[in-house]
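>>> Build me a model:
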Amino acid sequence: MDQPHAVLVASPGLGHLIPILELGNCLSSVLNVQVTILAVTSGSSSSTETEAIRAAAARTACKITELPSMDIDNLAEPDATVFTKIRVKVRAMKSAVRDAVESMKPKPTVMIVDFFGTGLMSVADDLGLTAKYVYVPSHAWFLAVMVYLPVWDTTVEGEYVEIKEPLKIPGCKPMGRKELMEPMLDRSDQQYKECVRAGLEVPMSDGVLVNTWEELQGNTLAALREDEELSRLMKVPVYPIGPTVRTKEQVGKPNSIFEWLDKQRERSVVYVCLGSGGTLSFEQTMELAWGLELSGQRFLWILRRPASYLGSSSIDDDQVIASLPDGFLDRTCGVGLVVTQWAPQVEILSHKSIGGFLSHCGWSSVLESLTQGVPIVAWPLYAEQWMNATLLTEEIGVAVRTSELPSERVIGREEVASLVRKIVAEEDEEGQRIRAKAEEVRVSSERAWTKGGSSHSSLFEWAKGCRLVSSLENI
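Numbering: from 1, shown residues only. From the prediction side, this is the model:
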């Protein structure tokens, strides 16, 4: 009998590619399923996506096929947002995806697409695959918002940014102005229409895999399954199988980052990294630097030139360093370390000296932090990161956040210093509670993936339902 075969489609951008790669690793290692990953890349010759694909291919049993990029100049406006371009690009790849899947031996049993690839699900129907699923590498609240967005689209008048009262979702936390996702800021923009379209397409799948776990978001998951209105919109089963994160790898020695970390006290360093797509203004970079210095806490700052999902930045490392205050590196020498190159985030967050993470709140980074018990200073920049920051601070209780959205005003040095001290300084009482909660979440994340744990059981329940395994006897 042929080994069961699943095909996963990854959208352009490291933030979308890496979660699919990790899901593929999970299916391969836990379920012993043959996995083929079709990577729709940006097409940039210098793209870090290609590097990530090559690195993943060297350490995984999954087969990874990079699909040639397609020109979409005639399908999207020149000034279209990244969100729109990715959705349009992936949809335009339907014929290439169909041809790739049709040529596979053995024939795949199921197809899994991410949120950007819901327009590809008809390929599974055309080729007679057993089932098609959507993988949401974000959390359950995000999924609830996506599914309920088409309702708001027909019932809410005017722009969401002008709402006085939070937008209500049955059985879930309401969404206020500070939680709006970027595509919701302008209802006339194509990216908003694409977002509504995705919300309508998700329930057309046979089920949704989501990168969270029962103990973290039990109330929201229950609403998606049991609330009369929300479950009617959802229509299909929801399987929490998280946290699915990059596994820790051995870092080659010598490495200046870890040589420096090894010299620091346990839980004394705040790790600062705003992601490969995050961009700060010159003024905000200056204030963040002054705030780190003013805090008196030790810090590791990964200050990288910003990179686009569909290309790379022309800013060089010298220009990045020039954005820091005069004398900053000299004054903080020994207390802080600034790095302008790529750094191994999972390995850094798992180091015993890391006591906090100043993060843009991309969900992959959030999970990498929570699974190590590291509390967060939430610094949301774009996409769904604003709602992630609220989830972390108000519902889960593992973070502090800026008083205003960093996208709307410059966060001053005094506030930066206060937030960093609150998370890392041992004597801060609120910080003590947050650190204790972060440790509690770490334990629950491990428990979810033990044999018989909530996510382990959910994965096998899904696999049996789509015939990737014949029974639940291995649970």
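>>> excluding its backbone neighbours, what's nearest residue 38?
Spatial nearest neighbour of residue 38, chain neighbours left out: residue 9 (4.9 Å); criterion: C-beta to C-beta, 6 or more residues apart in numbering. In this view, the C-beta of every residue, glycine as well, is placed from N, C-alpha and C.
>>> so what does the helix or strand hosting that neighbour touch, helix or strand wise?
Per DSSP states H and E, residue 9 falls inside strand 5-10. Using 3 or more C-beta pairs under 8 Å, 6 or more residues apart in numbering; DSSP states H and E, the elements in contact with strand 5-10 are helix 14-31, strand 34-40, strand 110-114.
>>> roughly how far out does the longest one sit from the chain middle?
It stands for helix 14-31. 13 Å (C-alpha atoms, centre = their mean, to the nearest Å).
>>> in it, what's buried?
Buried positions in helix 14-31, judged by neighbour count with 16 or more other C-beta atoms under 10 Å: 14-28, 31.
>>> Distance-wise, check residue 120 relative to residue 201.
With distances taken as C-beta to C-beta, to the nearest Å, residue 120 is found 10 Å from residue 201.
>>> So between the two, which is more surrounded?
Higher neighbour count among residue 120 and residue 201: residue 120, with 24 against 19, using other C-beta atoms under 10 Å.
>>> for that one, what are its contacts?
Applying C-beta atoms under 8 Å, 6 or more residues apart in numbering, we find residue 120 in contact with 9, 90, 91, 93, 94, 97, 111, 113.
>>> what's the neighbour count on residue 331?
Residue 331: 12 surrounding residues under other C-beta under 10 Å.
>>> Residue 296 is in contact with that one, correct?
No. The criterion here is C-beta atoms under 8 Å, and residue 331 misses it with residue 296 at 11.9 Å.
>>> quick one on the thing from earlier: pull out the buried members of the contacts of residue 120.
Neighbour counting by 16+ other C-beta under 10 Å classes 9, 90, 91, 93, 97, 111, 113 among the contacts of residue 120 as buried.
>>> ok, so of those residues, who is nearest residue 75?
Residue 75 has its nearest neighbour among the buried ones among the contacts of residue 120 in residue 91, at 8.4 Å by C-beta to C-beta.
>>> Looking at the closest residue to that closest one other than its chain neighbours now. What's its pLDDT?
Of all residues not flanking residue 91 in the chain, residue 119 sits nearest, at 3.9 Å (C-beta to C-beta, 6+ apart). pLDDT, residue 119: 96.
>>> three-state assignment of residue 119?
Three-state call for residue 119 (DSSP: H, G, I helix; E, B strand; the rest coil): helix.
>>> since we're on it, how many residues are nearby?
As a burial measure, residue 119 scores 19 neighbours (other C-beta under 10 Å).
>>> give the contact list for residue 81.
182, 183, 189, 190, 191.
>>> ok, and the most crowded of these?
residue 183 (23 neighbours).
>>> Backbone dihedrals for that residue, please?
Main-chain torsions, residue 183, degrees, to the nearest 10: phi -60, psi -10.
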